[in-house]
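Peer 1: just to be clear, the model below is a prediction. Sequence and coordinates:
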Amino acid sequence: MKIIKLLSVVTVFALAVLLAPSVYADKPSDLGFDDNGYNNNANLFNGTGSQWCEAGGQAPNCLDVWSYDNLIMKWNDEWNRGNEEYWANGPYKAWTSNEWNGNTENGSGEVWHYKIIWVGTSLEDSPYWREGGYPIWGQFEVIMDQGVYEDGHLWIAHGIPTGYGGY
């Protein structure tokens, strides 16, 4: 049962990673953060799950118990390019990172960190694929998925290398 709950958590977080960086956020005209926690000039989001929900036009509690967690997302310009091109003109040296911290008031109590890279539609057969990761969204690999929840620390993916270089 805990594995099923964990897989549900991974799915929610994974959707947040893919959609949040450029689909939901309006680009601010200044160089700072907008009201929703996005700084698209720096390819950075720093806010709560609720802020992410609202930025996407959803209810503030769209992430259920994770809505009050703090979320820091980072992505590179290649991630923006991929989103703009609907991932049709690879190869991309695209990566994104999600860091969830639920050790906040009313938070989930869980802490998770994900690293995701573009590998193309060949997935495991791609020259960009790394041993130890898992496929997601048809063109991406989760090269790091680890976190702390009620039963302790869990590593789900640990691609080798876990860094963003190596293309």
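Peer 2: Here it is on my side, so go on. Remember, it's a predicted structure, so these values are computed and weren't measured experimentally.
Peer 1: okay, CA-based contacts and neighbour counts for the rest of this
Peer 2: Fine.
Peer 1: tell me how far the helix or strand encompassing residue 50 lies from the chain's centre.
Peer 2: Counting by DSSP states H and E, the element that carries residue 50 is helix 49-55. Centroid displacement of helix 49-55 relative to its chain, using CA atoms, centre = their mean, to the nearest Å, is 14 Å.
Peer 1: got a list of contacts for it?
Peer 2: Residues from elsewhere that reach helix 49-55 (CA atoms under 8 Å, 6 or more residues apart in numbering): 20, 24-25, 36-37, 59-63, 66-71.
Peer 1: just the buried ones from those?
Peer 2: Buried members of the contacts of helix 49-55, counted by 16 or more other CA atoms under 10 Å: 20, 25, 36-37, 60-63, 66-71.
Peer 1: ok, back up a step: run through who's touching the next helix or strand after the helix holding residue 50.
Peer 2: Sequence-wise, the next helix or strand beyond helix 49-55 is strand 70-75, with elements assigned using DSSP H and E. When contacts are taken as CA under 8 Å, 6+ apart, the neighbours of strand 70-75 outside the stretch itself are 17, 21, 43-49, 94-102, 104.
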